[in-house]
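Q: give me a 3D structure for the following:
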Amino acid sequence: MISLMRRGMPALALAALPLLASPASAGPLTTALSVQEQPFTSSHAQALNGPPGSRQTLGLFEAIDRLPVAEEHRAGYKRSLYKHWNRGLDAADGCDTRREVILAEAVDAPQVAAGCKLTGGSWRSAYDDLVVNDAGRLDVDHFVPLAEVFDSEQTPWNAGRREAYANDQGSPDTLIAVSAASNRSKSDKDPAQWMPTDDSYHCTYAATWVATKLRWDLAMEEDERQALLGAAENCAGTTVTYQPAS
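A: Below you'll find the predicted structure:
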């Protein structure tokens, strides 16, 4: 999914877009791993926006060059290291982070009942250029998957920083609502292994991937770098805007 509201995209003629077929069901993710908890607090949320004046805009090639290249390290990864779908920024609405992202990215707003139950509404899934008319058929994707973040941490993160990433609403790029089928096709792959089926979204996808890695001070592997450079060849004028997370 890409947010028309949060990501500044022009409105689209929904009738011209195909409707989403029912996605395949997904299996269980991972088992829990005991970690030392550092609670996610309002200070974490405030820190996500970084100090005043820290927002930067770069050309795509320059932005790619700012990412360090390092080998990935998957050993020890568990999804439960990244506590996600916390209570959202607006505690009064009863919505967790996932539902707040879905609400923010609606093309047509759904009705919100008690317990943040969503009915109606429509969304555009950017990965596959589909219109989704049922919030239950959406996944909220971590643009840089949690496993990829673990692979790319230059120094091990503590529990608080991992939780901050997993619930990051300080940037419109970290979390995106997309069709469940496209998210599960992507899984934890990087751009060397997977790109959206909608070719027109490739430049935005590459720029958002790089922006998220720069925001969170993550590295990339050489195959990933080459894939991003290859995508950038067809993206003249594409810029990357990011604000470092503290």
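
Q: what residue ranges in the chain are flagged as low confidence?
A: 1-53, 88-92 (pLDDT under 70).

Q: try 50
A: Scanning the chain for pLDDT under 50 picks out 1-5, 8-50, 52-53.

Q: residues in a beta bridge with Asp141, which ones?
A: Ile176 (DSSP bridges).

Q: can you pull out the strands in the chain?
A: 56-59, 111-113, 117-119, 123-125, 130-132, 138-142, 175-179, 239-242 (DSSP state E).

Q: list the helices and strands the fifth one packs on?
A: If I follow you right, that is strand 130-132. On a contact count with 3 or more Cβ pairs under 8 Å, 6 or more residues apart in numbering; DSSP states H and E, strand 130-132 meets strand 123-125. Every C-beta, even on glycine, is put in place using the N, C-alpha and C of the backbone.

Q: contacts only, for the nearest residue to Glu222 once chain neighbours are set aside.
A: Computed as Cβ to Cβ, 6 or more residues apart in numbering, the closest residue to Glu222 that is not its neighbour in sequence is Val69, at 5.7 Å. Residues counted as contacts of Val69 (Cβ atoms under 8 Å, 6 or more residues apart in numbering) are 219-222, 225.

Q: again with Leu228
A: Residues in contact with Leu228, defined by Cβ under 8 Å, 6+ apart, are 64, 191, 206, 209-210, 220.

Q: which of those residues fall within helices?
A: Secondary structure defined by DSSP state H assigns 64, 206, 209-210 of those to helices.

Q: most neighbours, which of those?
A: With neighbours defined as other Cβ atoms under 10 Å, the most crowded of the ones in helices among the contacts of Leu228 is Val210; it has 30 neighbours.

Q: hmm, it is touching Glu62, no?
A: No - taking contacts as Cβ atoms under 8 Å, Val210 lies outside contact range of Glu62: 9.9 Å.

Q: any residues in contact with both of these two?
A: By Cβ under 8 Å, 6+ apart, no residue touches both Val210 and Glu62.

Q: present the ones in helices among the contacts of Leu228 as a markdown table; the columns should include distance to Ala75.
A: Shown next, in a markdown table, are these (distance: Cβ to Cβ, whole Å):
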| residue | distance to Ala75 |
| --- | --- |
| Ile64 | 27 |
| Ala206 | 28 |
| Trp209 | 23 |
| Val210 | 26 |
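
Q: what's the most distant pair in those?
A: Ile64 and Trp209 (9.7 Å; Cβ to Cβ).

Q: okay if I get the strands of the chain as TSV plus mean neighbour count and distance to Ala166?
A: Listed next are the strands of the chain as TSV, based on neighbours: other Cβ atoms under 10 Å; distance: least, Cβ to Cβ, whole Å:
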stretch	mean neighbour count	distance to Ala166
strand 56-59	15	23
strand 111-113	12	23
strand 117-119	14	21
strand 123-125	27	21
strand 130-132	23	23
strand 138-142	23	7
strand 175-179	27	9
strand 239-242	20	18
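
Q: distance to Ala164 added to the ones you listed, as a markdown table?
A: Converted to a markdown table, the strands of the chain look like this (distance: least, Cβ to Cβ, whole Å):
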| stretch | distance to Ala164 |
| --- | --- |
| strand 56-59 | 20 |
| strand 111-113 | 26 |
| strand 117-119 | 25 |
| strand 123-125 | 25 |
| strand 130-132 | 28 |
| strand 138-142 | 12 |
| strand 175-179 | 12 |
| strand 239-242 | 15 |
